Structures are given as C-alpha cells and as structure tokens.
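> Okay, structure incoming, though there's no sequence with it:
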C-alpha cells in the first residue's frame, strides 16, 4: 500500500528534488560550487563552517543524485585526493539558486544588499529570472498559472 | 564571535531563505497552497500525509516568516477555525517552485511526465522560467554568471 506522502514523492518533481536538495546544507554546497567554483572538501568546509561528517554525507548524496561527480587530483608531493565537480545536472541548478536568492533578497533582506547578482557574461548587464513564452519574451507573473500536467494524479 | 555559518546565514539570501524553506515539508506546504489553492489544516494534512504536530509546526513557521497568514473562518454550525492564506511574499515563491519543479522534471523524471505545468492564464500557452535582460528578453543560461554583490563579504 502506498501512502499519500509516497505518491507525492513519486509524482511530484518538487518533492523528488527536495529529497536531495531539501537536506540541510545540500543547496548551500551547490551554491559554493556554482557561485564560487569550489570543488575541494577543505574549501567547502571552511566556506560553510560545516562539520566534516555532515559534509562527507552531503557530498556523497549529491554525487548519488548526479549533481556532483568525483574526480581524482594530485598536488605535487601529496597523496591523490578527490574533488567534487558539478555535472550538467548540477549546473542546471543555477535558476533554482537564482530563484531562491532573489526571493530572499526581496522578502528576507539582510540590509547589506544582495551577496550575489546574476549578470550577462558578455556585457555585464544585470539579468533576472522571469517566466517567458516560447519565443523567449517575458510573461508577467500574475498572468502565469499552474495547471495539472500529464503526471498529475 | 561569529562563525562562518552565522555569517553565511546573515549575508546570503539563499541561506536565509533555506532557514524557513529548507525545513522538510515547508516547501511542499507552499506547493499545495500555490498550486492547489489549499488553505485548511485538514486539506494540507490529507494531501501531504503529514503528521499533525509537524504540520502545526511548519504552518506556524511559515506564518512567522510572512509566507502565510492566519485568517479566521466559520462554517455554519461549527466553531470558528483558522485557515492559512498566502501573502504576497508567499505568492512570490511561484518562481522558486517552478525552478525546482522543472529541474526535477528534467533531472529526476518520474516517468509519468510533469505533475504540474505553468501556462499563460490569458492564452493557455506554456511558459518556462528563464533569465531575461532589462527589456524582458531571454538571455541564454550559458551567458549568465553570478558575481559578488554589495552584500558579499
């Protein structure tokens, strides 16, 4: 027998995503990887002030979820170590980070201004996240509505 | 003395947002409110299969965070009850849900297709989340980069 919660995780992409990303620290590790290009255990640990056992667990889950991949590296005179590199699925979390970050900047402001801003690489012009139609033109937020899709129960 | 983790929460809007939204169930409650227009304790409970004490705690945190607000209502012949209505800050989580949902649809597919799709209310045309420039025109994902903002350390 399947509970309502099991069905939610099976059918709902938000619930499935949160199985990985909803773990405390996971999305902050992804933030460090995406926004600061960090790949090394010691760098994640220092940046986040996270306990080593928790960091080991979360990096392992992100690898299992296909968001990071392990890659060996060796620094001259040291033993081989492993670094954690974003996969294409990990890079694709950029809009998730931008959406959460811009919500936080607007609705839980720090008073210091945004810690990170998204810009166009080629011109430096600020960009923002929005809904767009099939031709890539912005659609106002209040003109967007969610309807059940093919996977809805 | 302030630890690295405290500074992260103070300055980083993603970390601040996750203080509320990163709690297990919180974003799924918001999903039910945004996508299914649910407002009542019993409806959230049935839809999510969540324990009542956890649901009470999460609804309270979402109220404290300004995402939901309590509103009294009375059904004929019953005692007054409270329902939970999205605030403007709660409605503004729609892009966060869309970003997480579309990442999940692409990178952890259920095999059933999306459970929800975003469409333009006025025409029914599908819309998607993208980065846009100041004139509301789409900018390709690989042309977007995050740089430190005024609140960066």
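Right, received. Where do you want to start? Since the structure is predicted, the reported quantities are computational estimates derived from the model, not experimental observations. Numbering: from 1, shown residues only, chains lettered A, B, ... in the order given.
> If you drop the residues flanking it in sequence, what lies closest to residue A:18?
With sequence-adjacent residues excluded and distances taken as C-beta to C-beta, 6 or more residues apart in numbering or on different chains, residue A:18 is closest to residue B:27, at 6.2 Å. From N, CA and C alone the C-beta is placed, and that goes for glycine too.
> what stretches of chain A score poorly on pLDDT?
Under the criterion pLDDT under 70, the flagged ranges of chain A are A:1-10, A:153.
> now do 90
In the predicted model, chain A carries pLDDT under 90 at residues A:1-24, A:35-36, A:75, A:94, A:101-102, A:105-118, A:141-142, A:144-153.
> which stretches of it form strands?
Counting by DSSP state E, chain A forms strands over residues A:68-74, A:80-86, A:116-120, A:128-132, A:138-139, A:144-148, given from the N-terminal end onward.
> Which among these is found nearest to chain B?
strand A:138-139 (3.3 Å; C-beta to the nearest C-beta).
> what does that closest one contact?
Contacts made with strand A:138-139 from outside it, assessed by C-beta atoms under 8 Å, 6 or more residues apart in numbering or on different chains, are listed as A:130, A:131, A:132, A:133, B:120, B:127, B:132, B:136, B:137.
> Might you report the residue contacts of the closest residue to residue A:40 other than its chain neighbours?
Closest residue in space to residue A:40, ignoring its immediate chain neighbours: residue A:83 at 5.2 Å, by C-beta to C-beta, 6+ apart. Listed by C-beta under 8 Å, 6+ apart, the contact set of residue A:83 reads A:39, A:40, A:41, A:70, A:71, A:72, A:73.
> From residue B:70, how far off is the residue most central in space within chain A?
The structure's chain A has its C-alpha centroid closest to residue A:93; by C-alpha atoms, centre = their mean the separation is 4.2 Å. Residue A:93 sits at a distance of 34 Å from residue B:70 (criterion: C-beta to C-beta, to the nearest Å).
> I'd like the distance from stretch A:135-149 to the chain centre, please.
22 Å (C-alpha atoms, centre = their mean, to the nearest Å).
> For it, buried residues please.
Of the residues in stretch A:135-149, those with enough neighbours to count as buried (16 or more other C-beta atoms under 10 Å in any protein chain shown) are A:137, A:138, A:139, A:144, A:145, A:146, A:149.
> burial count for residue A:42?
Using other C-beta atoms under 10 Å in any protein chain shown, residue A:42 has 11 neighbouring residues.
> mind listing what the nearest residue to residue A:122 once chain neighbours are set aside touches?
Distances taken as C-beta to C-beta, 6+ apart put residue B:143 closest to residue A:122, at 5.7 Å, once the chain neighbours are dropped. Applying C-beta under 8 Å, 6+ apart, one finds that residue B:143 lies in contact with A:120, A:121, A:122.
> Any of those residues buried? List them.
Neighbour counting with 16+ other C-beta under 10 Å marks residue A:120 as buried within the contacts of residue B:143.
> Reformat the contacts of residue B:143 as a markdown table; add distance to residue A:78.
Below are the contacts of residue B:143 laid out as a markdown table (distance: C-beta to C-beta, whole Å):
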| residue | distance to residue A:78 |
| --- | --- |
| A:120 | 39 |
| A:121 | 34 |
| A:122 | 38 |
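> For residue A:64, see how far away residue A:70 is.
The spacing between residue A:70 and residue A:64, counted by C-beta to C-beta, is 11 Å.
> hang on, I meant residue A:105
Where residue A:64 is concerned, residue A:105 sits at a distance of 31 Å (C-beta to C-beta).
> So these two - more neighbours on which side?
Comparing residue A:105 with residue A:64 by other C-beta under 10 Å, the one with more neighbours is residue A:105, at 22 against 10.
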